[in-house]
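Chemist: Sequence first, then the predicted structure, then my questions.
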Amino acid sequence: MLSPKSEVFLNEVLSYVKFTFDRNDIRKELEGHISDKIEYYMELGSEPEEAEQLSVQDMGDAREIGIELNKQHNPVLGWIWRITGIIAALLILLFLFVIAMSMGSFFQKDLSKETPKADILYQIDIKEQIRIDDRIIRFTKVIMEESGELSIFYTYHNAGLLGGSWSLGYIGEILDDQGNKYVAMSGQQQGGIITKGMLTIPDFSRDADTLIISYDSYNRKYRIEIPLEAGETDEQN
Amino acid sequence: MSRTKKIIRNIFIITILSFFITSWLGLSLTPLAAHKKSERGIHYGPSEVVHIEDYKNSKFILGKYDKWVSCNTVNRVLLFFWAAGSQPIGFENEKGKALCYTWLYSNSIFKAYGIINDKNIKKIEVTLTNGKILTQTEFYDDMFLLIYDKEDGKDTYFDSIRGYDAENKMIFEGR
């Protein structure tokens, strides 16, 4: 513990340091130097009070030291460092939040697993991938249920960095090789880096051999033909 | 590490993360970049920009793309970024009709826009459900845009549209 004499010296030095956030560190450093010197003078036989007085004298002129330290601890650089540090820390937190939110999509349930096995007439794994603008759509599975309900499963993601796009509201017209056109009854999507989607069509023809997904909108086109399992009629034959 | 090096490190982190985060949030630095991103993200366009109308913190961008016309909205967010607003997709211009138009009431702002196929139309008049009449005589190429912000706190919708010739004779009416 330093005496008020040293404190006066330290306070005077620190009064020249404009970047206040550095004052504590500077104080600790100067206190360390003074303590080392006190120890040195006491080893030489000085009394504590005299040792401290000599130590403070050795330190030099408080004003000069203060001005020099203020140059080294440039307040402009200090503030830039401080502000950029806070912004960087906030952005790191926000980035981690964004990543956590986006990573959630990797752990979302597989929509195709929600159909009870007993209800499935057949299912087909597909590996069809198309790209419209920056969006990559992968058609992954088709499930035909005993009830005649056909579900198409797909995922999509942005080919760019982290998305920032509209959600996909339309995957195309649903047709079959018999010339039937279908209206989807329901659909659902789970967002994230990779969005998982499902489209359900009621009363899909069991005679159809091919499911066709045909997209033709605002000069973007794709057509996917998915061979289906033999329908009921074929099975009987 | 010196303070200067720390500042450089911080600026590097800020730049990289800002890029990632703004990309994830779909933010752009200019209204036109936001407009293009919005169109591309919904698989439409790129449209030819006919006119940009400033309105409060938004910009209404009249555009033509192939046989479609649109009026996309982009909004200013977080002081200096721009983000997609509403209605980036347009409607088909049926050239056989004297006037093709549509309207939208969103976030308390009413907008009606369209394209004039009949060159005799020199004035467009849109009547709102509150009786207010919006008029336009100076068109943007062959497109028009009328914006109305509710004044009395009540929602206001489209009632009718009329087109007049140079003699102020009504030559088109739509409801």
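Modeler: Yep, that arrived.
Chemist: In contact with residue 150, which residues are there?
Modeler: Here I'm looking at chain A. A:V142, A:I143, A:M144, A:T200, A:I201, A:F204, A:L211 (Cβ atoms under 8 Å, 6 or more residues apart in numbering or on different chains). From N, CA and C alone the C-beta is placed, and that goes for glycine too.
Chemist: meant chain B, my bad for not saying
Modeler: When contacts are counted by Cβ under 8 Å, 6+ apart, B:K150 touches B:S108, B:F110, B:T156.
Chemist: Go again with 7 Å.
Modeler: Going by Cβ atoms under 7 Å, 6 or more residues apart in numbering or on different chains, B:K150 touches B:S108, B:T156.
Chemist: Same question for B:K6.
Modeler: A:W81.
Chemist: quick one: buried residues of stretch B:105-123?
Modeler: B:105, B:109-117, B:121-123 (16 or more other Cβ atoms under 10 Å in any protein chain shown).
Chemist: scratch that, stretch A:183-194 is what I was asking about
Modeler: When burial is assessed from 16+ other Cβ under 10 Å, stretch A:183-194 yields the following buried residues: A:A184, A:G187, A:Q189, A:G192, A:I193, A:I194.
Chemist: In these, find the pair that's most separated.
Modeler: A:A184 and A:I193 (24.8 Å; Cβ to Cβ).
Chemist: Can you list the residue ranges for strands in chain A?
Modeler: Using DSSP state E, the strands of chain A run over A:120-132, A:135-145, A:150-158, A:173-176, A:181-182, A:186-190, A:194-201, A:210-217, A:220-227.
Chemist: which of those strands is buried the deepest?
Modeler: strand A:150-158 (a mean of 22; mean count of other Cβ atoms under 10 Å in any protein chain shown).
Chemist: so where is chain A shaky, pLDDT-wise?
Modeler: A:1, A:105, A:160-164, A:190-191, A:230-237 (pLDDT under 70).
Chemist: for it, what spans make up the helices?
Modeler: Per DSSP state H, chain A carries helices over the ranges A:4-15, A:23-43, A:48-59, A:62-72, A:75-103, A:232-236.
Chemist: export those to JSON lines and tack on mean neighbour count?
Modeler: As requested, those are exported to JSON lines (neighbours: other Cβ atoms under 10 Å in any protein chain shown):
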{"stretch": "helix A:4-15", "mean neighbour count": "16"}
{"stretch": "helix A:23-43", "mean neighbour count": "15"}
{"stretch": "helix A:48-59", "mean neighbour count": "16"}
{"stretch": "helix A:62-72", "mean neighbour count": "15"}
{"stretch": "helix A:75-103", "mean neighbour count": "15"}
{"stretch": "helix A:232-236", "mean neighbour count": "10"}
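Chemist: Make a markdown table from the ones you listed and add distance to B:K95 to it.
Modeler: Below are those laid out as a markdown table (distance: least, Cβ to Cβ, whole Å):
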| stretch | distance to B:K95 |
| --- | --- |
| helix A:4-15 | 79 |
| helix A:23-43 | 75 |
| helix A:48-59 | 89 |
| helix A:62-72 | 74 |
| helix A:75-103 | 45 |
| helix A:232-236 | 47 |
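Chemist: closest one to chain B among these?
Modeler: helix A:75-103 (3.6 Å; Cβ to the nearest Cβ).
Chemist: Now do the contacts for the closest residue to A:I224 other than its chain neighbours.
Modeler: Nearest residue to A:I224 in three dimensions, chain neighbours excluded: A:I213, at 4.5 Å (Cβ to Cβ, 6 or more residues apart in numbering or on different chains). Neighbouring residues of A:I213 by Cβ under 7 Å, 6+ apart: A:I171, A:G172, A:I174, A:I224.
Chemist: so which residue of chain B comes closest to chain A?
Modeler: For chain B, Cβ to the nearest Cβ, closest residue to chain A: B:G26, 3.1 Å.
Chemist: now the helices of chain A as CSV including distance to chain B?
Modeler: Output for those, formatted as CSV (distance: least, Cβ to the nearest Cβ, whole Å):
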stretch, distance to chain B
helix A:4-15, 18
helix A:23-43, 12
helix A:48-59, 24
helix A:62-72, 9
helix A:75-103, 4
helix A:232-236, 37
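Chemist: biggest separation within the contacts of A:L150, which pair?
Modeler: Farthest apart among those by Cβ to Cβ are A:T200 and A:L211. That separation is 12.9 Å.
Chemist: about what we covered before: so which of the buried residues of stretch B:105-123 are in strands?
Modeler: Those of those mapping onto strands are B:Y105, B:I109, B:F110, B:K111, B:A112, B:Y113, B:G114, B:I115, B:I116, B:K123, per DSSP E.
Chemist: chain center to the host helix or strand of B:T22, what's the gap?
Modeler: For B:T22, the element it lies in under DSSP states H and E is helix B:3-25. In terms of Cα atoms, centre = their mean, to the nearest Å, the centre of helix B:3-25 is found 33 Å from the chain centre.
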